[in-house]
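**Q** Quick one: sequence plus predicted model below, questions after.
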Amino acid sequence: MDPIEALTEIAELLERDRASRYKSKAFRAAAKTLTELSADERTDLPGIRARKGIGDSTFAVISEAVSGRVPTYLADLRERVAPPQASALRSQLRGDLHAHSEWSDGLTSIDLMVEAARALGHEYLALTDHSQRLRVARGLSAERLREQLALIPGFCDDDFTLLSGIEVDILDDGSLDQEDGLLRSLDIVVASAHSALRMERGPMTRRLVAAASDPRVDVLGHVTGRLVSGSRGTRPPSVFDARAVFEACAAHGTAVEINSRPEREDPPDDLLALAIEVGCLFSIDSDAHAPGQLSLLDHGAVRAERAGVPSERIITTWPLARLREWKASR
């Protein structure tokens, strides 16, 4: 098989499996090295092995692919990494409103995220890198966000739209971590709490209600902040008056995110049922930090379908024109 395709598929499967970012980056780097070679150079195995960035694992994959075999590393991953789960709702999703690039803590460039979104059949993808307070994630200052915004139109055409956006931090008092004018200029604003997650119930409720009621906020991201598995360990959900928060979302037309990352499963099933009862809108998002993670939407779709979320209340099932109308009305 084509060695570039083999290396890229391995990277995508490692990303979907939320493996160490260093592993997937190594395979993507090797694929990039091969794309810069001529056709003859791509079959010169001694020459390839001598190139910078080609290690033992990536060279083994290249060697097997050049010989016409499916690389063992790839075959093992295909067997181990669960394929996308089938659900009727997944086929109705038209896009994704929460994804990151290397501008903050994502693994790859914007163009690779866009390429993967197109391959999945997305009509749109919102680029929502972190805001500046989240320094550990290289959050965007106002200046860097403006630089990024200038690039967005270059990724759009008649078949696909890259939406401008941000995952803005909800500060301790419920205010938002970015300039007002910039937030109002974006296509999509996802607001999430990333710090002080153990705040007492009363202040945390007020914090989330303030964000859900803010007309600049379109989606309330991973509302409880919990982690149920994964390399980062586990973390209990934040404690707050969920009914008050979801009533604020429903009253102001703010969508509650169904975060598709298996290590989050946020909101939990009981809160998801409450949000349905209250009348909230929803956004099924991948929260992808790498191209292979965009396919995690299938997990969110299965959870939403199992919970009985009405598809018409899921804004990521809407065509782009309706999504823009909703945004404008807010």
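**A** Looks like it arrived, so ask away.
**Q** Which residue ranges of this structure form helices?
**A** 3-16, 21-35, 45-49, 56-66, 72-80, 110-119, 142-149, 180-185, 201-213, 242-252, 269-278, 297-307, 320-329 (DSSP state H).
**Q** OK, contacts around the residue lying closest to residue 90 once chain neighbours are set aside?
**A** Spatial nearest neighbour of residue 90, excluding adjacent residues (Cβ to Cβ, 6 or more residues apart in numbering): residue 301 at 3.9 Å. All C-beta atoms are positioned from the backbone trio N, CA, C, and that covers glycine. Counting by Cβ atoms under 8 Å, 6 or more residues apart in numbering, residue 301 touches 85, 87, 89-90, 93, 260, 284.
**Q** please redo it, this time with the cut-off set to 6 Å
**A** 87, 89-90, 284 (Cβ atoms under 6 Å, 6 or more residues apart in numbering).
**Q** Out of those residues, the closest to residue 264 would be?
**A** residue 284 (12.6 Å; Cβ to Cβ).
**Q** was I right about that closest one contacting residue 259?
**A** No: in this structure, residue 284 is not within contact of residue 259 by Cβ atoms under 6 Å, at 8.6 Å.
**Q** between the two, who's got more neighbours?
**A** residue 284 (31 against 28; other Cβ atoms under 10 Å).
**Q** Can you tell me how far the more buried one is from residue 125?
**A** The spacing between residue 284 and residue 125, counted by Cβ to Cβ, to the nearest Å, is 13 Å.
**Q** same deal with residue 148?
**A** The spacing between residue 148 and residue 125, counted by Cβ to Cβ, is 14 Å.
**Q** the more surrounded of the two?
**A** residue 125 (28 against 18).
**Q** so what's the more buried one closest to, chain neighbours aside?
**A** Using Cβ to Cβ, 6+ apart and skipping the chain neighbours, the partner closest in space to residue 125 is residue 117 (4.2 Å).
**Q** Now for that neighbour, how many residues are close by?
**A** Residue 117 - counted by other Cβ under 10 Å - has 24 other residues nearby.
**Q** Residue 254 too?
**A** 26.
**Q** quick one: contacts for it?
**A** Per Cβ under 6 Å, 6+ apart, neighbours of residue 254: 212, 217, 220.
**Q** Could you give the separation of the lengthiest strand in the chain from the chain centroid?
**A** For the chain, the strand that runs over the most residues, judged by DSSP state E, is strand 161-169. Relative to its chain's centre, strand 161-169 lies at 11 Å (Cα atoms, centre = their mean, to the nearest Å).
**Q** Contacts made by that strand with the rest, please.
**A** 114, 124-128, 130-131, 133-134, 149, 152, 155-156, 176-178, 186-192, 194, 320.
**Q** just the buried members of the residues you listed?
**A** Among the contacts of strand 161-169, those scoring as buried are 114, 124-128, 130-131, 133-134, 149, 152, 155, 176-178, 186-192, 194 (criterion: 16 or more other Cβ atoms under 10 Å).
**Q** re the thing from before, now do the residue nearest to residue 90 against residue 82, distance only.
**A** For residue 301, the distance to residue 82 - Cβ to Cβ - is 14 Å.
**Q** Same check on residue 276?
**A** Residue 276 is 27 Å from residue 82, by Cβ to Cβ.
**Q** so where's the stretch 1-150 of the chain uncertain?
**A** Within the stretch 1-150 of the chain, no stretch has pLDDT under 70.
**Q** Equivalent analysis for the stretch 151-300 of the chain, please.
**A** In the stretch 151-300 of the chain, no residues with pLDDT under 70.
**Q** ok, the contacts of residue 301 vs residue 58, which is closest?
**A** Distances from residue 58 to those, taken by Cβ to Cβ, are shortest for residue 90, at 32.1 Å.
**Q** Count the residues that sit near the closest one.
**A** Residue 90: 19 neighbours (other Cβ under 10 Å).
**Q** I figured it was touching residue 298, is that so?
**A** Yes: the criterion here is Cβ under 6 Å, and residue 90 meets it with residue 298 at 5.2 Å.
**Q** Quick check: phi and psi on the nearest residue to residue 100 once chain neighbours are set aside?
**A** What sits nearest to residue 100 in space, not counting adjacent residues and going by Cβ to Cβ, 6+ apart, is residue 106, at 3.7 Å. Taking degrees, to the nearest 10, you get phi -70, psi 160 for the backbone angles of residue 106.
**Q** and residue 106, how many neighbours does it have?
**A** 24.
**Q** Fine by me, we can end here.
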